[in-house]
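Enquirer: the following block contains a protein sequence and its predicted model.
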Amino acid sequence: MFDIAIVGAGTAGLSAAIYGVRAGKSVIVFEALTYGGQIINTPEVENYPGIRQISGFDFATGLYEQATGLGAEVVYERVIRIDDQGDTKLVVTEDGQYEAKSVILATGAKNRPLGVEREEELIGAGVSYCATCDGAFFRGKDVAVVGGGNTALEDAAYLSAYCRTVYLIHRRDQFRGEEKSVERLRKKENVKFVLESRVTALNGEGKLESITIEHGKNGETTQLAVEGLFVAIGQMPDNEAFANLVDVDHSGYIKAMESCETNVPGIFTAGDCRTKKVRQLATAAADGAIAALAACEYID
Amino acid sequence: MEVLHITTENFESEVVKSEMPVLVDFWASWCGPCRMLAPVIEELAGELTDAKIGKINVDEEPDLAKKYGVMSIPTVIAFKNGEEVGRSVGFKPKNALVKLLK
């Protein structure tokens, strides 16, 4: 029996592991893919207090080595279910079962897909969710960015330096992102605004060649020849497996206050997977600390 | 086996004309998920006896990346007799990469 079982080895989960083992508890961390979470996609982190600049990979690796070096155990198995048996929580993975006195859900968030047919098939063949990761492959080409928030605006600005044309597609006529960024984009000759429109189809043999766009006002459709489509319509949680275990909000985020407690005694939550206003690296780490100490208090 | 450093110069001999299947990892040093994948690739190279493992740095070999339509990294492509038989994009666990060769 472990004292604390943590689901997710991102910044929140590994921070919780550090606080858990340092409080003298036995800690097991479950991870489906690789440690680090979303931050590994960020080339330069420049807003984490106390660290002027670090790559997301180095940050994640430092965190991982710190947690495992202190004695946390990281297991690469996907958690499919957790049974709340009162004082014992049974963590069921694809490969086995583990008992723990408490659980911290730190499952993070993932990019929200457009929900258009063939989207998944074309990932890596034109469809991307990370302009800074994949932008360089589209040098001199025509691409589109979908979204209306700051990420979409930043992506469009980033891509406009490489690409021949950047179409910025948004379903409304106003952006949620900062007006200053919109102004800056309007001045760029190779950025074209396609507003009140949505992407309805992805076309191409083996790779993306064009997209079909439906214009909201008149319902007309047009084809836009682009080789790249950067989807920046926000994040979504990955809590389907736990929706029956703890209360989640309408978007699927686990309901919790600053204490990181869920509605179930002994089950805590930390990081981007929970209801909160600010989802940053520093707040994920902070949540990890709070959740771990709350779990320790619960056990004792 | 060692992980092969594949370039335009040796692509023909190491991949296209290879008698064994080859798993090629397209990567770059600035790419976090690629660095996460690196130890998995190393491990595979140590374990597989019926396939070769190689890496192509897309910054040094943009033409190879372009030729194979690599638009996101890491991309791992499995080759048999010089032909692409499987491809995966993004960080994937070891068993998913092995499956590309099947």
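Expert: Here it is on my side, so go on. Numbers count the residues shown, from 1 in each chain, chains lettered A, B, ... in the order given.
Enquirer: which parts of chain A sit against chain B?
Expert: A:33-36, A:39-43, A:55-57, A:60, A:76, A:123-126, A:128, A:130, A:133-134, A:137-138, A:206-207, A:227-228 (C-beta under 8 Å from any C-beta of the partner chain). Just so you know, the C-beta spots here come from the backbone N, C-alpha and C atoms, and that holds for glycine as well.
Enquirer: tell me, how many residues neighbour residue A:295?
Expert: Using other C-beta atoms under 10 Å in any protein chain shown, residue A:295 has 31 neighbouring residues.
Enquirer: give the contact list for it.
Expert: A:3-4, A:16, A:20, A:25, A:102, A:104, A:266, A:268 (C-beta atoms under 8 Å, 6 or more residues apart in numbering or on different chains).
Enquirer: change it to 7 Å
Expert: Going by C-beta atoms under 7 Å, 6 or more residues apart in numbering or on different chains, residue A:295 touches A:4, A:20, A:102, A:104, A:268.
Enquirer: ok, which stretches of chain B are helices?
Expert: Taking DSSP state H as the criterion, chain B contains helices spanning B:8-11, B:32-47, B:62-67, B:94-100.
Enquirer: can you give me the helices for chain A?
Expert: Per DSSP H, chain A carries helices over the ranges A:11-22, A:56-70, A:131-134, A:150-160, A:179-186, A:281-299.
Enquirer: now do the buried residues in the last one.
Expert: So that's helix A:281-299. For helix A:281-299, the neighbour count (16 or more other C-beta atoms under 10 Å in any protein chain shown) marks A:281, A:283-296, A:298-299 as buried.
Enquirer: measure residue A:46 to residue A:132 for me?
Expert: Distance from residue A:46 to residue A:132, counting by C-beta to C-beta, to the nearest Å: 13 Å.
Enquirer: for the residue of chain B found nearest chain A, give me its contacts.
Expert: Nearest residue of chain B to chain A: residue B:89, at 3.0 Å (C-beta to the nearest C-beta). Contacts for residue B:89 (C-beta under 7 Å, 6+ apart) come out as A:123-124, B:72, B:75.
Enquirer: recalculate using a threshold of 10 Å.
Expert: For residue B:89, the residues meeting the contact criterion (C-beta atoms under 10 Å, 6 or more residues apart in numbering or on different chains) are A:123-125, A:127-128, A:134, B:26, B:33, B:70-77.
Enquirer: any idea which of the residues you listed is the one closest to residue A:67?
Expert: Distances from residue A:67 to the contacts of residue B:89, taken as C-beta to C-beta, are shortest for residue B:33 (19.9 Å).
Enquirer: hang on, the earlier thing: which two from the contacts of residue A:295 end up farthest apart in space?
Expert: Farthest apart among these by C-beta to C-beta are A:20 and A:268. That separation is 10.7 Å.
Enquirer: shared neighbours, these two?
Expert: Here residue A:20 and residue A:268 have A:4, A:6, A:102, A:104, A:291-293, A:295 as joint contacts, going by C-beta under 10 Å, 6+ apart.
Enquirer: for the record, mean pLDDT for stretch A:17-26?
Expert: Averaged across stretch A:17-26, pLDDT comes to 98.
Enquirer: no wait, stretch A:134-148
Expert: Along stretch A:134-148, the predicted confidence averages to a pLDDT of 96.
Enquirer: show the end-to-end separation of it, please.
Expert: Using C-alpha to C-alpha, to the nearest Å, the end-to-end distance of stretch A:134-148 comes out at 20 Å.
Enquirer: same question, stretch A:162-181
Expert: Note: stretch A:162-181 ends 18 Å apart using C-alpha to C-alpha.
Enquirer: now that stretch: buried residues?
Expert: A:162-163, A:165-170, A:175, A:177, A:181.
Enquirer: determine which two of those residues are furthest apart.
Expert: Maximum pairwise distance in the buried residues of stretch A:162-181, criterion C-beta to C-beta, is 21.7 Å, between A:162 and A:175.
Enquirer: who has more neighbours, residue A:46 and residue A:132?
Expert: When neighbours are counted by other C-beta under 10 Å, residue A:132 comes out ahead of the other of residue A:46 and residue A:132, with 16 against 9.
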